[in-house]
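> When you get a sec, could you give me coordinates for this:
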Amino acid sequence: MEPSYQKISDRLDEWTKETFGESFAFRQYQKEVAIGVILTFLTDEKKYYIAECPTGFGKSFMAFAIAGVLSTYYDKTGYILCSDISLTKQYSRDLEQYLPWWGNLIGQKNYLCTLNGLNFNLGTCKLEGIKSYTEIEAKYPDCSYTCEYISNRKKAALAPVTVCTYQWWLIQQNYIKRFLGEGAPFKTRDFVICDEAHNVLDIVQNQFSPRLGKEDITKIFNVIDSYGPYNDHIKGNIKGRIQKCRNVIFDEDDNDKVFIALKNYFVEIENLKFITKATKTAFGERIKKGEILNKTDRTILSNCNFIEDYSRKFADFIGAIEEIGTKYIVKNDSDKDKGILVFNCINESYLMNSVFHNNCNKGLFMSATIGDPDVFAKDLNISKDNYTYANGIPSPFDFSKSPIYYLSRYRLNFKTKDWVFPELLRLTETIIRKYPDMHGIIQTGNYEFSAKILEKIDPELQQRLIAYTDSQSKQEILNMFSIQSSDKILIGPSLIEGIDLKDDLCRFIIMFKIPFPSLADKYIKTKMEFDETWYANKTVISVLQGVGRGVRNENDYCDTYILDGTFDRLLYGHPNMFTRDFMNRIVYINENELIENKLM
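Numbering: from 1, shown residues only. This next block holds a predicted model:
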């Protein structure tokens, strides 16, 4: 007999009161969505539930409630997947307080070995080549209690619900389960709850897209050069064969010939596993004798692990292409001038089926930015008749003090940038002067515009700007930003998501350029040729994410300015992709209103 709506409602009340305390109360629409998801998971009608949950909706506590009712009353097991380690840690803090018997895990490299002090994937047991955790516990029984990774792993394997990253789950479902079979500790469970679900396809694509670059060849050659048993002649031959394969891969354009070169390259990399295994064993023996490894030694060990992971990614890509054909190869040489080449599989239906859907019995996809649900579902290869969509969930935030001002006069693109850029810079200076003692951000769309703004802006205002040049420096800048004086402004192309600038950390946002995915990226260009609607939806999601950086709680507020008139393509071409809250916040302005400060 199928469960009733009322029965599930009662059980949600019972479970949440017992777990979170008698004072717990669902936020508006939280309970209705939770009931809908549970009904979907307990019936055979639909496999998936898609929910666009606005910021402040309380996705994590709703996920806990859904998983808690399913595991407690219906004996179901599941995973809650997070898009990055920081989000996983947020979940983990709540687990420690409310659900300490559930599991949570992140990748091995984030834990330290208690015996040698290295990352767990270079721990004493790993350097000895021990792969079975039964063998590890037999040889090192104390590690069952002292090793954080092993103890967390044991608990996560036994727990009814495990919180982890997408990347860790994909590895468990597509490598470990295949390798261990019935002995795999993390099998397919009854349900999967996906947070920040707008990132799912990008994560899957990245996980199974091999990459060639200067950094990887440096790591590969470092391991070869460090291998003592081989003389320089042998090492030179190995490196020569590898470099020859890479040259063909970089120079060849025919997909069939590229694929042959990729397979030859893979064979060469696979052959290095003999060296990586022997090298790790040798370092393990040195550590046993009490030696302390220096920085060079640690680099070599880290590079050995890199080669083993690198080989696996090529193996998966080659296996997929052998099954579906070379016509689905995208040789993405957008950064070829930097010595970087990425291979994508454009048949993402195959990818999603093989690595995700085949490992998921029932699934919830939730995000603050879904865009068009049909486009989102199609992108993930979910048929229209196989998902339920939670439509029109309003935000709990009061946006009356957070308008989105849109000035549509100047369209910034490749053809117009020479004359439009100075106009948008002038407007940007006007806006900055309106907020003399406040933090803000400028979303530039690319590094070219960031550099040009820094060069051309009024020197007095330039002192307020804080820029970054790559993802590493971005994180360093973000860490410093909160302790800077209150008039600083972050500027950069990727200030769209993954940053939490609550309250006084962000009182205004300038979207200088609409973040259309770059068509210089061959994967993006090829996907758009397959489906132009996907391209629009991808951009809308970035816009929604971008305007959300400055309003992070019920009492927060932030003024947003969209200065790039190419936004018309989205606003009028695809209005159904935007949330109702977003559309209600838009205030159309002209240049004089901005300059004369006649805004609301």
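> which helix of this structure spans the most residues?
Among all segments of the chain classified by DSSP state H, the helix with the greatest residue count is helix 295-324.
> any idea how far Phe449 lies from Gly103?
When CB to CB, to the nearest Å is applied, the distance between Phe449 and Gly103 equals 44 Å. All C-beta atoms are positioned from the backbone trio N, CA, C, and that covers glycine.
> got the residue ranges for the helices in the stretch 451-600 of the chain?
With helices called from DSSP state H, counting those that start in this stretch, the stretch 451-600 of the chain shows them at 459-462, 471-481, 522-530, 532-547, 568-571, 580-585, 591-595.
> Quick one: name whatever helix or strand follows the longest helix of the chain.
Proceeding C-terminally, helix 295-324 gives way to strand 329-332 as the next helix or strand, assigned by DSSP states H and E.
> ok, and what's touching that next one?
Strand 329-332 is contacted by residues 253, 255, 258-259, 321, 341-346, 521-523, 526 when judged by CB atoms under 8 Å, 6 or more residues apart in numbering.
> Quick check: pLDDT value at the nearest residue to Asn553 once chain neighbours are set aside.
Leaving aside its chain neighbours, Asn553 sits nearest to Lys502 (6.1 Å; criterion: CB to CB, 6 or more residues apart in numbering). The predicted local confidence for Lys502 comes out at a pLDDT of 88.
> Neighbours of Lys502, how many?
15 (other CB atoms under 10 Å).
> The spatially closest residue to Gly550 that is not a sequence neighbour: what's it in contact with?
Counting by CB to CB, 6+ apart, the nearest residue to Gly550 once its immediate chain neighbours are dropped is Cys558, at 3.0 Å. With contacts defined as CB under 8 Å, 6+ apart, the neighbours of Cys558 are Ser402, Cys506, Arg507, Phe508, Ile509, Arg549, Gly550, Val551.
> repeat for Ala390
Ala390 makes contact with Val33, Gly36, Tyr49, Ile50, Ala51, Glu52, Cys53 under the criterion CB under 8 Å, 6+ apart.
> And the spatially most central residue of the chain, how far from Ser518?
In the chain, the centroid-proximal residue (CA atoms, centre = their mean) is Ser83; its distance is 4.5 Å. Spatial separation of Ser83 from Ser518 under the definition CB to CB is 21 Å.
> Show me where the stretch 451-600 of the chain dips below the pLDDT cut-off.
485, 598, 600 (pLDDT under 70).
> Run a quick neighbour tally on Asn344.
Summarising burial for Asn344: neighbours were counted as other CB under 10 Å, giving 24.
> List the contacts of it.
Taking CB under 8 Å, 6+ apart as the definition of contact, the neighbours of Asn344 are Gln205, Ser209, Ile329, Val330, Asn332, Tyr523, Thr526.
> Quick one: the strands in the stretch 51-200 of the chain, in order.
For the stretch 51-200 of the chain, the strands defined by DSSP state E, counting those that start in this stretch cover 78-82, 103-105, 161-165, 191-194.
> Output those strands as CSV; include the columns mean pLDDT and mean neighbour count.
Rendered in CSV, the data for the strands of the stretch 51-200 of the chain read as follows (pLDDT from 0 to 100; neighbours: other CB atoms under 10 Å):
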stretch, mean pLDDT, mean neighbour count
strand 78-82, 96, 27
strand 103-105, 92, 24
strand 161-165, 96, 25
strand 191-194, 97, 26
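> Relative to Ser482, which of these is closest?
Using CB to CB as the criterion, the shortest distance between Ser482 and these is 22.8 Å, found for strand 78-82.
> Show me how the record splits this structure into domains.
5-114+128-204+349-390, 211-345, 399-595 (automatic domain parsing).
> can you redo these as a markdown table with distance to Leu122?
A markdown table is the format used below for these (distance: least, CB to CB, whole Å):
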| stretch | distance to Leu122 |
| --- | --- |
| domain 5-114+128-204+349-390 | 7 |
| domain 211-345 | 5 |
| domain 399-595 | 22 |
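> Of all those, which one is nearest Phe120?
Between Phe120 and the domains of the chain, the shortest separation by CB to CB is 4.3 Å, and it involves domain 5-114+128-204+349-390.
> Quick check: end-to-end length of the closest one?
Start to finish, the residues bounding domain 5-114+128-204+349-390 are 16 Å apart (CA to CA, to the nearest Å).
> thinking again about what came up before, show me just the buried residues among the contacts of strand 329-332.
The neighbour-count test (16 or more other CB atoms under 10 Å) applied to the contacts of strand 329-332 identifies 255, 258-259, 321, 341-346, 521-523 as buried.
> from the residues you listed, which two are the most distant?
By the measure CB to CB, the buried ones among the contacts of strand 329-332 have their two most distant members at Phe259 and Asp521, which lie 20.9 Å apart.
> Can you get me the start-to-end distance on stretch 501-514?
Taking CA to CA, the span from the opening residue of stretch 501-514 to its closing residue is 20 Å.
> roughly how far out does that stretch sit from the chain middle?
Averaging C-alpha positions (CA atoms, centre = their mean, to the nearest Å) puts stretch 501-514 21 Å from its chain's average.
> before we move on, what about stretch 293-301?
Its chain's C-alpha centre and that of stretch 293-301 lie 29 Å apart, by CA atoms, centre = their mean.
> Restrict it to CA atoms and write it as CSV.
What follows is stretch 293-301 as a C-alpha-only set of coordinates in CSV (Å, rounded to 0.1, in the frame of the first residue of the first chain):
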residue,chain,number,x,y,z
LEU,A,293,60.9,12.7,3.8
ASN,A,294,62.0,16.1,2.4
LYS,A,295,59.9,18.3,0.1
THR,A,296,61.4,16.7,-3.0
ASP,A,297,60.5,13.2,-1.8
ARG,A,298,57.0,14.3,-1.0
THR,A,299,56.6,15.8,-4.5
ILE,A,300,57.7,12.6,-6.1
LEU,A,301,55.2,10.6,-4.1
